[in-house]
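>>> I would like to see how this sequence folds:
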Amino acid sequence: MRLTRFTDLALRVLMRLAVEKGDLPTTREVATAMEIPYTHTAKVVSRLQHLGLVEARRGRGGGLALTAAGRSASVGTVVRTLEGPGDVVECEGDTPCPLRSACTLRGALRRAQEAFFAALDPLTVDELVTAPTGPLLLGLSATRRDD
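Sure thing, here's the model as predicted:
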């Protein structure tokens, strides 16, 4: 199972915001600290805001903050939502697989995909940033601000 780049970036943004204790970082600051292109970060933040996981405040004293729902969000639920519905392999696409009517692989892959998500279900965003990850994220943010 491989996550899309968008989901990977979204998880990194959530993790970065989960460790923030001081001033709210801007989208640009998060992008810089996490070494993600600004335009990608802006799209990710917009989607996370739409899902109610991130709050974006404009103006002086503004920035990005993780919502309470974002802190307690199940990583499995976040990944399922961002990845969207779909099979691991495309059996019915432009060139349908000739085995699709009698294939047992499709069902096995669907079960494996669900097991992947289920393994992430008990983990919350807050739990992603326990030591050693949290202190490392704080260090990255401080290093980027000093540059």
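>>> CA only for contacts and neighbour counts going forward, please
OK.
>>> Tell me, how many residues neighbour residue 124?
18 (other Cα atoms under 10 Å).
>>> List the contacts of it.
Residues in contact with residue 124 (Cα atoms under 8 Å, 6 or more residues apart in numbering) are 71-75.
>>> what bits of this structure have low per-residue confidence?
Of all residues in the chain, those with pLDDT under 70 make up the ranges 141-147.
>>> what's the longest helix in it?
helix 105-120 (DSSP state H).
>>> Other residues contacting it?
Under Cα under 8 Å, 6+ apart, the answer for helix 105-120 is 1, 74-77, 79-80, 87-89, 91, 100.
>>> going on from it, what's the next piece of helix or strand?
helix 125-128 (DSSP states H and E).
>>> which secondary structure elements does that next one contact?
The contact analysis (3 or more Cα pairs under 8 Å, 6 or more residues apart in numbering; DSSP states H and E) places helix 125-128 against helix 5-18, helix 68-72.
>>> Could you give me the buried positions within the longest one?
Yep, that's helix 5-18 we're talking about. Residues of helix 5-18 classed as buried: 7, 9-18 (neighbour count, 16 or more other Cα atoms under 10 Å).
>>> what's the farthest-apart pair in these?
The distance between the two most remote of the buried residues of helix 5-18 (Cα to Cα) is 16.4 Å, for 7 and 18.
>>> so residue 122 sits right up against residue 74, yeah?
Yes: the criterion here is Cα atoms under 8 Å, and residue 122 meets it with residue 74 at 6.3 Å.
>>> More neighbours: these two, which one.
Neighbours per residue (other Cα under 10 Å) separate residue 122 from residue 74, with residue 74 holding more: 19 against 13.
>>> Tell me what that one is bridged to.
residue 124 (DSSP bridges).
>>> rewinding a little: same list, the contacts of residue 124, but as CSV with distance to residue 133 please.
CSV is the format used below for the contacts of residue 124 (distance: Cα to Cα, whole Å):
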residue, distance to residue 133
71, 15
72, 17
73, 18
74, 18
75, 16
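>>> Among the residues you listed, which one lies nearest to residue 129?
residue 71 (10.3 Å).
>>> wait, doesn't the closest one sit right on residue 17?
No: using Cα under 8 Å, residue 71 is not in contact with residue 17, being 9.2 Å away.
>>> Between the two ends of stretch 120-130, how far is it?
16 Å (Cα to Cα, to the nearest Å).
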